[in-house]
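A.B. asks: Okay, here's the prediction I keep looking at, along with the sequence it came from:
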Amino acid sequence: MISIKINNIEFYVKRNISVLEACRYIGIFIPRFCYHEKLSIAGNCRMCLVDNGIKLVSSCTAVVEDNPQIFTDTPMVKKARENVIESLLLNHPLDCPICDQGGECDLQDQTKLFGSDYSRFFMSKRGVEDKECGPLIKTIMTRCIHCTRCVRYGTEVAGVDYFGTLNRGGSTEIGNFIPKLFDSEISGNVIDLCPVGALTSKPYAFKARPWELRITESIDLSDSLGSNTYLNYKETEIIRVLPKSNININENWISDKARFSYDALKNQRLQHPLSKNQDDATELTWSNILKLVMGSIDNSTITFAIDNDLDFTSINLLKHLQRKYPNTVKLRSIVQSGNFENFNTNIFDLNLKELNSDINTCFVLSSNIRLESAIINSRLRSKYLNETFNLVSFGLKSKNNIPSKIVNLNVNNILNLFEGKSSIFSKLLINNKNPLFILGESLKQRINNLENIKQVIKNYAPTALILFIEEKSNSKGLSLTGDVLPLSTVDLENSSNLFCVNLQDNYKTRSILNQYKGQVI
C-alpha cells in the first residue's frame, strides 16, 4: 500500500495503479470518456484532468507513486473540464431529442455537470459520413468524439481490426480503411462502450426511451455459460437486452446471440398449440389439451418429447407427472441425456476468475469455442495478448482469433498426449501447473460416458481444470432432474399420443415427426 493525498485527505491505496483508479476505489468521481476498466489506456479525451500541485495531468495515465498529492476540484481543474466539453461540442450535432442514446449519454450528463451555459463557436459544424457495420450496429459518425473505445475493443477483445483512426487534427474520424462488415460474434458490445450516440443498436432504433423501460435481471439462455443480463421491457414486450457486469462469468460482455435473439420470443413462434395427424394440423386450446392428457393417462400410453432448452420448472412438473403415472406416462429427450451430478465440469463449477491465474496452456477437445462460447473465447484471447498462452485444438480446423495448433481428433493422438509420446504437446502438458481442458458438446455424442474422459485427464494431470461447454442452455437442468432416456423408435411405436414440449424446428424434430404416424401435439 502507498499513501496519497487527495483534496488534502490522506488515503492508502494499492501500488502501480493510476490516479483515476485510486479515486474510483475511494469513491471520488472523475469524469472520463476514453477510459474503460477492461480496455487499454488511451488518454486522449483529456476529460479526467486533475491537479498534482505542479500542473494538470490526465488521471488515467498518471501513476499514484509519481503524484503523491492530487486535487480534483480546484478552479483550474473545473475550467479545464469546461474547455474540454466545449471542444467536444464544436462539431457534435444538437440532436439529443432524436438520438437513441438520449437519457443515458455520458456526453449529455457531463455537459450538464461540467459544461458551460454558452458557446463561443459560431462557425459551421463538420459532417462525417456514416459507416456500414452490418444489420446490428447503427452508425451516426458525426456524433463521434474520438474516444477510440470501439477501436481498442475490436483489437483487444473481439480480435477484429475493424475500426481505426483516419486522418489527423480537425479532420480525424473513426472508420475502416476498407468497407466491410463487423464480423465478430461479440460485436454488439461496442454499443454499450460508445459514450455518445455514434454507435447504437439497429433493432432498438426509435423503439423506446430509457425512462419508458422497466428493468429485470436475467440470465442468458443462448448457451451454457449463463451470462448475467438485464432485460429492458416496455409493457409486455422485451425491447433490448444489456449485459450485467459479473467478473466471475461474463465480465462486462455478452454475445450477439444473447443481445439480439430476444425477437425469437415474438417472431416465428407458435401462438397456439397444434394437433398434427398425418398431414393435417388443427389448432387447439389449452383446455382441450388438458382434457386430452388426462384422458390419455387413464386409457393409453403417452410420451412427452422434450429438449434441453426447456426450463427447469416445466421439466420438474413433467417428472412429477411421470412418477405419479409410471405405467402410462413417459418422459423422453430428443438429445442424449444422463445424470452427470458427479461430472464436475459444468461452467458453474469452474470460476472463470481462475482463467486469470497461472494457466498458460489450453487443450480444446472437439469444440469451436469462438461460436459455442464467445465470452470464454474472449477471455482466452485476453490471456493470449497479455501473457504467454498456448492453445491446442483436437478436432476440425476452425476460424479462430487466437493462434492455435490443430491436431486431428482420434484416440491415438489423445493417448499420445497423456502418455508423453507427443514431442510438442506432451511437453506443454507436463510443464504447465494448471492446464485447462475444454470439452465440446460433440464429444458427448461420440463417447457414451464423459466421466471416463474426466478420470483419464485427472490421472495424468491432477491439477487440471476441466470445462464442459454444452450446446443447450439448460443441459445441466435436464441432467439434475434424473436420468431422462433419449427418445427411441420403440417409444414412437408404443405411444398413442406424442406431446412435443418446446421443441425447436430443426432436422432432428422433423425426423421425429416423420417417423411417428399417430397424433402429435
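C.D. replies: Yes, it's here.
A.B. asks: what's the offset of stretch 145-156 from the middle of its chain?
C.D. replies: 18 Å (C-alpha atoms, centre = their mean, to the nearest Å).
A.B. asks: What is the host helix or strand of Thr200 packed up against?
C.D. replies: Thr200 belongs to strand 199-201 when elements are defined using DSSP states H and E. Judged by 3 or more C-beta pairs under 8 Å, 6 or more residues apart in numbering; DSSP states H and E, the packing partners of strand 199-201 are strand 137-139, helix 189-193. Every C-beta, even on glycine, is put in place using the N, C-alpha and C of the backbone.
A.B. asks: of these, which approaches Leu88 most closely?
C.D. replies: helix 189-193 (16.9 Å; C-beta to C-beta).
A.B. asks: same for the closest one, what does it pack against?
C.D. replies: Other helices and strands packing on helix 189-193, by 3+ C-beta pairs under 8 Å, 6+ apart, are helix 149-153, strand 199-201, strand 237-243.
A.B. asks: Show residues contacting the first one.
C.D. replies: Defining contact as C-beta atoms under 8 Å, 6 or more residues apart in numbering, one finds that helix 149-153 is touched by 34, 36, 39-40, 42, 163-165, 174, 189-190, 193-195, 199.
A.B. asks: try the second one
C.D. replies: Strand 199-201 has contacts (C-beta under 8 Å, 6+ apart) with 99-101, 133, 136-140, 150, 188, 190-191, 193-194, 240.
A.B. asks: just the helices in the stretch 351-500 of the chain please.
C.D. replies: Assigned by DSSP state H, counting those that start in this stretch, the stretch 351-500 of the chain shows helices spanning 369-372, 374-386, 411-418, 425-431, 441-446, 450-460, 475-480, 489-494.
A.B. asks: what about the third one, average pLDDT?
C.D. replies: Read it as helix 411-418. Helix 411-418 shows a mean pLDDT of 72.
A.B. asks: ok, now the second one?
C.D. replies: Looking at helix 374-386 alone, the average pLDDT works out to 85.
A.B. asks: Tabulate the CA atom coordinates of it in PDB.
C.D. replies: Extracted in PDB, the C-alpha atoms of helix 374-386 (Å, rounded to 0.1, in the frame of the first residue of the first chain):
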ATOM      1  CA  ALA A 374     -17.800 -16.500 -27.400                       C
ATOM      2  CA  ILE A 375     -17.300 -15.000 -23.900                       C
ATOM      3  CA  ILE A 376     -14.900 -17.700 -22.800                       C
ATOM      4  CA  ASN A 377     -13.100 -17.300 -26.100                       C
ATOM      5  CA  SER A 378     -12.700 -13.500 -25.500                       C
ATOM      6  CA  ARG A 379     -11.200 -14.200 -22.000                       C
ATOM      7  CA  LEU A 380      -8.700 -16.700 -23.500                       C
ATOM      8  CA  ARG A 381      -7.800 -14.100 -26.200                       C
ATOM      9  CA  SER A 382      -7.100 -11.500 -23.400                       C
ATOM     10  CA  LYS A 383      -4.700 -14.000 -21.800                       C
ATOM     11  CA  TYR A 384      -3.000 -14.600 -25.200                       C
ATOM     12  CA  LEU A 385      -2.500 -10.800 -25.600                       C
ATOM     13  CA  ASN A 386      -1.200 -10.200 -22.100                       C
END
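A.B. asks: for it, packing partners?
C.D. replies: helix 369-372.
A.B. asks: And the helix it packs on, what's buried?
C.D. replies: For helix 369-372, a neighbour-count test (16 or more other C-beta atoms under 10 Å) marks Ile369, Arg370, Glu372 as buried.
A.B. asks: List just the nearest of these to Lys291.
C.D. replies: Nearest member of these to Lys291, counting by C-beta to C-beta, is Glu372, at 41.9 Å.
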